[in-house]
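Chemist: quick one: sequence plus predicted model below, questions after.
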Amino acid sequence: MNAAQNLTERIGPAPAPVLPEHDAIALWRTATADDVDVIHGIHAAADAVDHPTWVTPREDIADTFELSHIDHTRDTIIGFTADGTAVVFSSAFLHPSRAGTLTVHIGGAVHPQWRRRGIGSAALGWSHARAREQLAEVAPTLGPGEWELEIKVYAEESTPDVIAIAEPLGFAVERWFTTMVRDMAEAVPTPPAVDGATIVPYSPERALDVLAARNDAFRDHWGSLPTSEESWRKFVDGEFLRPDLSRLALDADGAVIALCLASVNEADWEALGATHAYIDLIGVVRAHRRRGLAPAVIAASLEAIGQAGLQKAVLDVDTASPTGANTLYEGLGFSATERSLALVHRL
C-alpha cells in the first residue's frame with residue numbers, strides 16, 4: 001500500500017458536504033467576499049458573551065478572504081433566518097504547511113440569541129465533513145513518510161456546549177490555554193544581561209528573518225506549524241503590530257535569536273476596561289535556549305509598553321508548554337485569568 005492509499009483509508013469516505021437542514025434556518029449558503037461584515041457581525045455578538053475582554057477585529061476576517069489557501073466559497077457556510085438575519089457561520093481552513101502534519105482548523109460562532117437549538121451542531125457537522133474532504137483532496141499529492149492528520153476546534157472554557165457537540169464527531173480535548181494579564185503600574189523586573197546578545201526594536205526590514213526565527217522557535221511546540229510568508233505578511237504588515245513595543249534579540253552576527261512581538265487593538269480597550277498591548281509571539285530559536293533570552297526580550301517589550309502609557313499587558317500561554325512559560329510569565333508579574341481549550345480529531 002502506498003502513502004496516498006494509506007492516508008485515504010485513514011480519512012475514510014469524504015464526499016462533498018451537504019448543506020445542513022434546520023427548522024430555524026431558512027437559508028444556508030457558502031460565503032463570498034461580500035460577507036466580511038456578515039461574519040464579523042456574528043463574531044461580535046458571540047464575542048460579547050464568550051470572551052468579553054477582547055473582540056475579533058474585522059481586519060482579521062477580511063484577511064482570510066485574501067489568503068491563497070482559503071476559498072470561502074467552499075470552506076465557509078452561513079445560516080440565515082427567514083427574515084434574512086445571519087445567525088451562524090462555520091469555516092474549515094486547511095493549513096498550507098506540508099511539513100509532516102496536515103491540520104484543518106474549524107472555526108465559527110452562533111449568535112447567542114440562537115443557541116441551544118442544534119444550529120451549532122448542524123454547522124459544525126458541515127465543517128467537519130468539509131475538513132475531511134480537504135484532507136482527502138490533498139492526500140494524493142503527498143510524498144511518502146509518516147503523516148499526521150488532524151482537525152482542530154478551539155473554544156473558550158465558558159462555552160462547554162462546543163465540547164458536547166464536537167465529541168460525537170471524534171474530537172477530544174487535548175490542550176488548555178490561559179490568558180494572563182499584567183498591571184503595568186508594577187515595576188518591570190530587570191533580567192540579567194545575556195552575553196553576546198543585543199536587544200533592539202522590531203523593524204520591518206527584518207520581517208523574513210523574524211519569520212525564520214519564529215518557525216525555528218516553535219518547531220517543538222504543540223500544534224505549531226510553519227507560518228507561510230503570505231500569512232506572516234498579513235500579521236507583521238497589518239495595522240495592529242506595534243514595532244515600537246516589540247523587541248528582538250540579535251547575536252554577534254546580527255541574526256535574530258529571540259523575539260517578542262506586541263500589538264495594539266484599541267477596540268479591545270473598552271472590553272478589557274484598560275488600555276493595553278497584546279503580546280502575540282514570544283520565541284527563542286532552539287540553539288539559543290536556556291540563556292535567559294526570553295525574559296530579556298519580554299522585559300524589554302514590557303518596558304516599552306509601560307513607557308507608552310498603556311495600563312496592561314496581555315498574553316496567552318499553553319499550560320503545558322515545553323519551555324515552562326507559565327512560570328516565566330508569573331515571574332514577570334503576569335496573572336492567569338480566562339482559559340480556552342483545543343479539541344482535536346486525529347485520523
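Modeler: Happy to help now that I have it.
Chemist: on the three-state scheme, residue 193 is what?
Modeler: Applying DSSP: H, G, I helix; E, B strand; the rest coil to residue 193 yields a three-state assignment of coil.
Chemist: leaving out the residues flanking it, which one is nearest to it?
Modeler: Of all residues not flanking residue 193 in the chain, residue 296 sits nearest, at 7.5 Å (CB to CB, 6 or more residues apart in numbering). Every C-beta, even on glycine, is put in place using the N, C-alpha and C of the backbone.
Chemist: quick one, phi/psi of the one you found?
Modeler: Backbone torsions for residue 296, taken as degrees, to the nearest 10, come to phi -70, psi -50.
Chemist: how many neighbours does it have?
Modeler: 22 (other CB atoms under 10 Å).
Chemist: give me the buried positions along the longest helix along the chain.
Modeler: When the chain is parsed with DSSP state H, its longest helix is helix 119-138. Of the residues in helix 119-138, 119-136, 138 count as buried by neighbour count, 16 or more other CB atoms under 10 Å.
Chemist: over to stretch 198-212?
Modeler: 199, 202, 206, 207, 209, 210, 211.
Chemist: same check, this time on stretch 68-79
Modeler: Neighbour counts over stretch 68-79 (16+ other CB under 10 Å) mark 70, 72, 74, 75, 76, 77, 78, 79 as buried.
Chemist: need the max-distance pair from those.
Modeler: 70 and 79 (19.6 Å; CB to CB).
Chemist: endpoints of stretch 58-76, how far apart?
Modeler: Using CA to CA, to the nearest Å, the end-to-end distance of stretch 58-76 comes out at 16 Å.
Chemist: whoops, I mixed them up, stretch 242-260
Modeler: 11 Å.
Chemist: residue 12 versus the closest residue to residue 102 other than its chain neighbours, what's the distance?
Modeler: Once flanking residues are discounted, residue 102 sits nearest to residue 149: 5.2 Å by CB to CB, 6+ apart. Distance, residue 149 to residue 12, using CB to CB, to the nearest Å: 11 Å.
Chemist: can you list the buried residues of stretch 198-212 in JSON lines and add distance to residue 53, pLDDT and secondary structure?
Modeler: Shown next, in JSON lines, are the buried residues of stretch 198-212 (distance: CB to CB, whole Å; pLDDT from 0 to 100; DSSP: H, G, I helix; E, B strand; the rest coil):
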{"residue": "199", "distance to residue 53": "29", "pLDDT": "97", "secondary structure": "strand"}
{"residue": "202", "distance to residue 53": "25", "pLDDT": "98", "secondary structure": "coil"}
{"residue": "206", "distance to residue 53": "31", "pLDDT": "97", "secondary structure": "helix"}
{"residue": "207", "distance to residue 53": "29", "pLDDT": "98", "secondary structure": "helix"}
{"residue": "209", "distance to residue 53": "33", "pLDDT": "98", "secondary structure": "helix"}
{"residue": "210", "distance to residue 53": "28", "pLDDT": "98", "secondary structure": "helix"}
{"residue": "211", "distance to residue 53": "29", "pLDDT": "98", "secondary structure": "helix"}
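Chemist: kindly indicate which of those lies nearest residue 281.
Modeler: Checking those one by one against residue 281 (CB to CB), the nearest turns out to be residue 210, at 8.9 Å.
Chemist: check contacts around the closest one.
Modeler: 202, 236, 248, 256, 259, 261 (CB atoms under 8 Å, 6 or more residues apart in numbering).
Chemist: what do you get for residue 176?
Modeler: Counting by CB under 8 Å, 6+ apart, residue 176 makes contact with 157, 318, 319, 320, 339, 340, 341, 342.
Chemist: restricted to strands, list those residues.
Modeler: 318, 339, 340, 341, 342 (DSSP state E).
Chemist: mark which of those residues are buried, thanks.
Modeler: Judged by 16+ other CB under 10 Å, buried ones among the ones in strands among the contacts of residue 176: 318, 340, 341, 342.
Chemist: sorry, back to before: pLDDT-wise, what's the bottom of the contacts of residue 176?
Modeler: By pLDDT, residue 320 ranks lowest within the contacts of residue 176, coming in at 63.
Chemist: quick one on the thing from earlier: residue 149 and residue 12: which has the busier surroundings?
Modeler: residue 149 (19 against 10).
Chemist: was I right about that one contacting residue 8?
Modeler: No. With contact defined as CB atoms under 8 Å, residue 149 does not reach residue 8; the gap is 10.7 Å.
Chemist: for residue 216, phi and psi?
Modeler: Note on residue 216: its backbone torsions stand at phi -70, psi -40 [degrees, to the nearest 10].
Chemist: now do the contacts for it.
Modeler: Taking CB under 8 Å, 6+ apart, one finds 285, 286 in contact with residue 216.
Chemist: follow-up on the earlier one: out of the contacts of residue 176, flag the one nearest to residue 19.
Modeler: residue 342 (27.3 Å).
Chemist: of the contacts of residue 210, which is the most crowded?
Modeler: residue 259 (27 neighbours).
Chemist: show me what the helix or strand where that one lies is packed up against.
Modeler: With elements taken from DSSP states H and E, the one containing residue 259 is strand 256-263. On a contact count with 3 or more CB pairs under 8 Å, 6 or more residues apart in numbering; DSSP states H and E, strand 256-263 meets helix 207-217, strand 247-250, strand 276-284, helix 293-307.
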